[in-house]
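**Q** Build me a model from this:
(2 chains)
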Amino acid sequence: MSALIRPVLEIHKYSLSYRTDAGEVMALKDVDLKIQKGETHALVGESGSGKSSLAWAVTRYLAENARDAGGAILLSGEDMIGKSRAELEALRGKRIAMVFQDPASSLNPTMRLGEQLAEVLIRHRGLSKAEAWKEGEAALSRTGIAKPAQMMQRFPHEASGGEKQRVVIAAAYACNPELIIFDEPTTALDILTANQILDLFVKLREETGVAALYISHDLGLVSRIADRVSVIHKGKIVETGPVEEVFHRPQDPYTRRLLAALPRPEDRLAVSAPSTDAAIFRAEGITVEYGKPGFLTRLLDKNAAAHVGARDISLKVRPGELLGIVGESGSGKSTIAKAATGLHPFAGAVEFDGRRFNRREDFDRAYRRDVQIVFQHPDASLNPRETIGGILSRPLKLYNIVPRAEVAKRVAELLEMVLLPREFAQRYPHQLSGGEKQRVAIARAFAAEPKLVICDEITAALDVSVQAAVARLLVDLQERSGAACIFITHDLNLIRQLAHRIVVMQRGELVDTFDVEEAESPERAPYTRALLDALPVPHDVTEVDHQARDFLTEGPTA
Amino acid sequence: MPRALKSPTGLIGTVLLLIVFTAALFGPLIAPYDPQLFHVQARLQGPSREFWLGTDQYGRDLLSRLLNGAPATVLFGLGATVLGVGAGSIIGVIAGVAGGRTDSIVMRILDGMLAMPELLFTLLIVSFLGGGTAQAMLAVAVTFTPGMARISRSAVLSVRTREYVLAAQARGESQAWIVGREVLPNAVAPIIVEATIRVSFAIMIGATLGFLGLGAQPPSTEWGLMVAEARQFMFRNPWCVAVPGLAIAITAMGFNLFGDALRDVFDPKRNH
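**A** Okay, here's the model as predicted:
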């Protein structure tokens, strides 16, 4: 029946390959996809799955070494592959629009927002400059910007990330295109802003009925906005169907694995809570300042002041406990990690295991051994010129943990502890995947046999399925070693699985501290509530999940 | 470095360098005549079967002079670069690692030195030290130091904030270990690339100094000096200027292309 109506976008057995030094690499294999008018079709996949390649293929904006390897892409029945450059230029923005991940880099920093918006209208709808400006204002007001006339006059750096993304969205909708491609439009935004952008997306879709291809790695988010979903894995679409159908009865093993990997608050992973109330680590009124102005600067500019990364933070961690620190980017959560590991000077005091430190210079080797840190980016946290074995043996030698002769044996044990083969000791970091590198970084931290491990966003740079495995590994190691842990993250779903207690930070200050069981309690600070409500909870995902969904959607979700 | 050979630039650069180094190593041995021997009957001649590249104003065989001058010229380039790069990198690494006030003071002084044009600065130093090959080499090395310091400092800075360096700091490693094992091995690539390209500059500045009579002194067969000596006979026999001039150009180009290819090899984007 639907075959009678011509779909807006029809991709038929399309394949795409890239020529590389290593030969021809297939990025997309026999992809089939149909989007009807008014439909939101989500394309879900992990990094490297080919989801962005597909978006580029549809807009015919391909890299120089890309080659169409068969199949067809039809926009309202018209073949896209054979189109000339001039035809494509006339068509992009008018019939297909795109919204990218990072609004900061998709807008020209030297042009006013209004000019960039009007440009689309002048070019594709042939409006005069004055008409385009007026039309642009109207488009902006539709995206919920309070003072569109003023926003039109601003430059990109004068607008917030959310406002910029609204302008990009307004430009995308301005010419009433047939299809809009959204490439992870909320990934670069903070969770609260992302939530507003999603609401805007839903509203505009209802108003305009434009077909949308929504590319994302986030299953929870997709379940909230899409009609149909396709799951892409290694360039192949492994499963496609209505959202409910795919999430309730996933057919493909890969889809099932993805769904199982989604962090769900009620699915607790944590070790049992510590019984004692004594603290092993205590921060007392920690304040960290960045970029303190020098003597000369102060002399010339009386108003020069340091940027405060964290202000008067007090928190404690009990032995064996996992404390979550949650906040948006720039909230100061990583600053705390840097202060506690002596990477940045601080004011205030740190108390650890009965000893008190007032300056970072006081941190001695014993303290540094007991407090280990794991960083966010697995690619950057291992020295590329050292073998994995060399990296892991360093803490063993530095802190004299095992006799020299037994270092190699201990390295092999450490690798096995993080579920990696012993042979990895001879490899270099670039020969490992992101998840494997993060395991090595975790092994390096636990090699020192620490009492406290600080994990700074260690899952943020990883794919969903790898994230879950790394989180499980961490909890498992914590259980075996009895170490306490500070887990810094922006992912509330994940931290509710792992933590015993959670502290929430906002703009360098601590706004809320609570036991994880009390996350839903009405006593929570308004900011905590807002964060919780903004979460794209993977509702309707599995039968087990229903209870959780019910009590989560009861909140005042917009 | 087989990947350096895969690009046309790298291949041409390597071939040119091979020719130059062969000349520098075996030149004096394979030269057909004594470079100082006068052939009074055959002055300022073009290439012939007897003299492959012609002769100069005293009838000396140009090919023999060229081959004999190769070691001095190449050594000059390499020596000046090694000295300049060595001193510059040490200063740059110290400034980059120390940071703060040390960094500011060192870099401001170097900025002042950089403000002077390279050749002018070299001339100034030579006028202090006096003429001669060793003095000229030292002068070029001093001229290179501020630029190399700047490059090595920025290489160190870009590595210093990487997470593996932070991890070493958090672990409580000594400063020397952090610099030697974590920072330097990862910062050395851009320094090597820059050094390779600088060899060509050094050879050209050396030749210029020789031309101006401030570098090597007659009867040296240094290439720049050869051009200078033959200058006034240029119109009677262009070969005696063109031959050493071309040799300088080929050497400079060889180092330059090879350096460019090295840069591509070290480019992290191509290092998967």
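**Q** where are the low-confidence patches of the chain?
**A** Assuming you mean chain A. Scanning chain A for pLDDT under 70 picks out the ranges A:1-4, A:536-558.
**Q** hm, I was asking about chain B
**A** Within chain B, the stretches with pLDDT under 70 are B:1-5, B:267-272.
**Q** Spell out which parts of it neighbour chain A.
**A** Residues of chain B lying near chain A by C-beta under 8 Å from any C-beta of the partner chain: B:162-164, B:166-167, B:169-173, B:181-182, B:185-186, B:271-272. Every C-beta, even on glycine, is put in place using the N, C-alpha and C of the backbone.
**Q** Just the buried ones out of these, please.
**A** For the residues of chain B next to chain A, a neighbour count by 16 or more other C-beta atoms under 10 Å in any protein chain shown gives the buried set as B:162-164, B:166-167, B:169-173, B:181-182, B:186.
**Q** re earlier: nearest to B:T14, of the residues of chain B next to chain A?
**A** Of all the residues of chain B next to chain A, B:N271 has the smallest distance to B:T14: 20.0 Å, by C-beta to C-beta.
**Q** and A:G220, what helix or strand is that in?
**A** helix A:219-225 (DSSP states H and E).
**Q** can you check A:A171 too?
**A** Assigning secondary structure by DSSP H and E places A:A171 in helix A:161-173.
**Q** elements contacting that helix?
**A** If you count contacts as 3 or more C-beta pairs under 8 Å, 6 or more residues apart in numbering or on different chains; DSSP states H and E, helix A:161-173 packs onto strand A:96-99, helix A:103-106, helix A:113-125, helix A:129-142, helix A:191-208.
**Q** Pick the most deeply packed of those.
**A** Ranked by mean neighbour count, those are led by strand A:96-99 with a mean of 24 (mean count of other C-beta atoms under 10 Å in any protein chain shown).
**Q** Mind jotting down where the strands sit in chain B?
**A** With strands called from DSSP state E, chain B shows none.
**Q** mind listing the helices for it?
**A** Under the criterion DSSP state H, helices of chain B are mapped to B:8-30, B:62-98, B:100-114, B:118-129, B:133-160, B:163-171, B:175-177, B:184-211, B:223-230, B:239-266.
**Q** What are the buried residues along the third one?
**A** Taking 16+ other C-beta under 10 Å as the neighbour-count basis, helix B:100-114 is seen to contain the buried residues B:D103, B:V106, B:M107, B:L110, B:L114.
**Q** repeat for the fourth one
**A** Buried residues in helix B:118-129, counted by 16+ other C-beta under 10 Å: B:F121, B:T122, B:L123, B:I125, B:V126.
**Q** and if you look at the shortest one?
**A** Along helix B:175-177, not one residue counts as buried under the neighbour rule (16+ other C-beta under 10 Å).
**Q** which residues are contacting it?
**A** B:V97, B:A168 (C-beta atoms under 8 Å, 6 or more residues apart in numbering or on different chains).
**Q** and what of the fourth one?
**A** With contact meaning C-beta under 8 Å, 6+ apart, helix B:118-129 is reached by B:113, B:116, B:135-136, B:138-140, B:142-143, B:201, B:205, B:208-209, B:212, B:214.
**Q** C-alpha coordinates for that helix, CSV please?
**A** C-alpha atoms of helix B:118-129 as CSV (Å, rounded to 0.1, in the frame of the first residue of the first chain):
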residue,chain,number,x,y,z
GLU,B,118,68.5,35.7,9.0
LEU,B,119,71.3,36.6,6.6
LEU,B,120,71.9,40.0,8.3
PHE,B,121,72.2,38.3,11.6
THR,B,122,74.7,35.8,10.3
LEU,B,123,76.7,38.7,8.7
LEU,B,124,76.7,40.5,12.1
ILE,B,125,78.1,37.4,13.9
VAL,B,126,80.7,36.7,11.2
SER,B,127,81.9,40.3,11.5
PHE,B,128,82.4,39.6,15.2
LEU,B,129,84.1,36.3,14.8
